[in-house]
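> Give the three-dimensional model of this entry:
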Amino acid sequence: KFQAGPLPTGTMPPKKKKGEGKKKKKKAEAPPPDPAKIKAEKAALDNANKERSACVAGVAWVAVARTWVQQERSRIFDQFRAYDADNDGLLSGEEAIAALLTQQPPLSRSEVEALVACMDLGGGVAYAAAPATLRCYGGGLQELLNKGLERVMTVHKQDLVDIEERCKAAIAAIYSKGDGGAAVAKEGEGEGKEEDGEGE
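Sure thing, here's the model as predicted:
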């Protein structure tokens, strides 16, 4: 009978390595960034930064006013009483501004006007209202001021949120339109030129 002997060395077919013979798929290359859209995005971010800085600078007087009134509360209260001709505990906006300016506040006139506006609830400045918690001389005036400044800061925080939302919307619009980037970039350049002209 025929008996198969061992195969000569090297006659076995070589084993293929895992993955050998398969063509590697090339990864899709990302399209190059559009310079116009990048420029437009930078313009949107720069504009948001300018708005944010202006917004923050616009309420810098709040902390100064709060500290000043806390330190000079008694003197301010006495001055309000001096300007209260009918002694009803209520001053008009003009009277309150005049009374505060006599105390040489560390504020500009426009900031004093803003301070009085936040204390005027529509019927004048009720400086002599009974205090709810501050049981001290002029406590009602201090509470009136604190509530007014809280309203100012609430509006300020919302303004910052609005700036962020406008910036996000502007950037989204840039990348959602084919030629939006170029259009926004030109618009940003126009705004920059206008600002330069104003500065001159």
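> drop to CA atoms for contacts and neighbour counts, all remaining ones
Noted.
> quick one: contacts for the residue nearest the centre of the chain?
Centroid check for the chain by Cα atoms, centre = their mean gives L160 as the closest residue, at 2.5 Å. By Cα atoms under 8 Å, 6 or more residues apart in numbering, the residues touching L160 are R52, C55.
> go again using 10 Å as the cut-off
By Cα atoms under 10 Å, 6 or more residues apart in numbering, the residues touching L160 are A48, E51, R52, S53, C55, V56, R166.
> From V59, how far out is the first one?
So the one you mean is A48. 17 Å (Cα to Cα, to the nearest Å).
> more neighbours, these two?
Between A48 and V59, counting by other Cα atoms under 10 Å, A48 is the more crowded of the two (19 against 16).
> Surely that one is in contact with C167?
Yes - at 6.0 Å, A48 counts as touching C167 under the criterion of Cα atoms under 10 Å.
> Give the buried subset of the contacts of L160 as a PyMOL selection command.
To isolate the buried ones among the contacts of L160 in PyMOL, judged by 16 or more other Cα atoms under 10 Å, type:
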select buried, resi 48+51+52+55
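> So which of the contacts of L160 belong to helices?
A48, E51, R52, S53, C55, V56, R166 (DSSP state H).
> I'd like those residues as a markdown table, with pLDDT appended.
Below are these laid out as a markdown table (pLDDT from 0 to 100):
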| residue | pLDDT |
| --- | --- |
| A48 | 97 |
| E51 | 97 |
| R52 | 97 |
| S53 | 97 |
| C55 | 97 |
| V56 | 96 |
| R166 | 96 |
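> Sort out which residues of the host helix or strand of G140 are buried, please.
Counting by DSSP states H and E, the element that carries G140 is helix 139-176. By neighbour count on 16+ other Cα under 10 Å, the buried set for helix 139-176 is 139-146, 148-149, 152, 156, 159-160, 163-164, 167-168, 170-171, 174-175.
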